[in-house]
Structure formats: C-alpha cells, structure tokens
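> Quick one, what's the 3D model for this:
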Amino acid sequence: MAGAAGRTGRGVSQGKVCDMSTDALYATKRVNGILVVIFRQSQMLNAVVIEQVSAGLKELIDAADEEKFVVDFSQVNYLSSSALGMLIGLQRRVMQKKGQIKLSGIKPEIMEVFRITKLDTVFDIYKDAAAAVEAFRSNQ
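All right, here's what the predicted structure looks like:
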C-alpha cells in the first residue's frame, strides 16, 4: 500500500508533535486531528503512478480515524486529467465517511486547469497546507 508502507515516526509541525509516514509517492502527517497528505511527485502524469496513489489514499482514508483531510500539491508541477479524476474519487470517498477534504499549494498553472474544469468550485483550495489546516480549525 502506498503511504502506509513507508516509514512511520514522530515529527514536529509548527510546534505540534504529529505522526508521520512517507514513501516515494506521498507523505502523511497528522496535525491537530487533521490528516495532511503531501504529494511528493513533481509530475502526476503517469497512469500507473496515479492508480498507485489513488489505491493507497483510498485505503488510507478508509483506515483513518480522521474525518478532515488536506491534500498538499506544493511539490506538484504537472497534473493530468486522470489525476483530476482521482481527486474527485477521493472527495467522494471522504464524503461517504462524512468527512471534508481541502486542497492546498496548487501552482498557478495547475490552478488554471481547476478553473477551466470548474473544479475550483467543487474543492476548497488554500494557498498552503497551514492555511487549509487553519481553515479547518476556524471552521471555514
């Protein structure tokens, strides 16, 4: 499983101790009851990679105690339409769990694709993961 197969340890995020796990596709950390997923691939174009990420994140979401998720794109420079489809599937999965998902760190070039496809009206999108976490904390 992508994500859970990686290392697990204790990390510090903005002064808060949180659990972390990492692998080549994405890293996860827990901050104040929110699961933050940080994509580590600069290009999310390959269908096989997208399927691996999707499968790993679905399993992660299903197993997570958290109902609040932030997906951080700050390291992603290129994104395919298949990756957009994966995000929609993940959102459905989170909603079935009665949870919420927020996106963060989307570069302007990729944000343009979100605007064209109207996905910017479907997802709550924030400048960075810290802003998305804060939005959850302040109930926005």
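> Average pLDDT for stretch 89-103, rounded please.
In this model, stretch 89-103 has a mean pLDDT of 96.
> Please state the offset of that stretch from the chain centre?
The chain centroid and the centroid of stretch 89-103 are separated by 11 Å, computed with Cα atoms, centre = their mean, to the nearest Å.
> buried residues in it?
Within stretch 89-103, the residues that count as buried by 16 or more other Cβ atoms under 10 Å are 90-91, 93-94, 99-103. Every residue, glycine included, has its C-beta placed from N, CA and C.
> so which of these comes closest to Glu66?
Minimum separation from Glu66 among the buried residues of stretch 89-103 (Cβ to Cβ) is found for Gly99, which lies at 7.4 Å.
> Pull up the gap between that closest one and Leu57, please.
Separation of Gly99 from Leu57 (Cβ to Cβ, to the nearest Å) stands at 13 Å.
> now do Lys98
Separation of Lys98 from Leu57 (Cβ to Cβ) stands at 18 Å.
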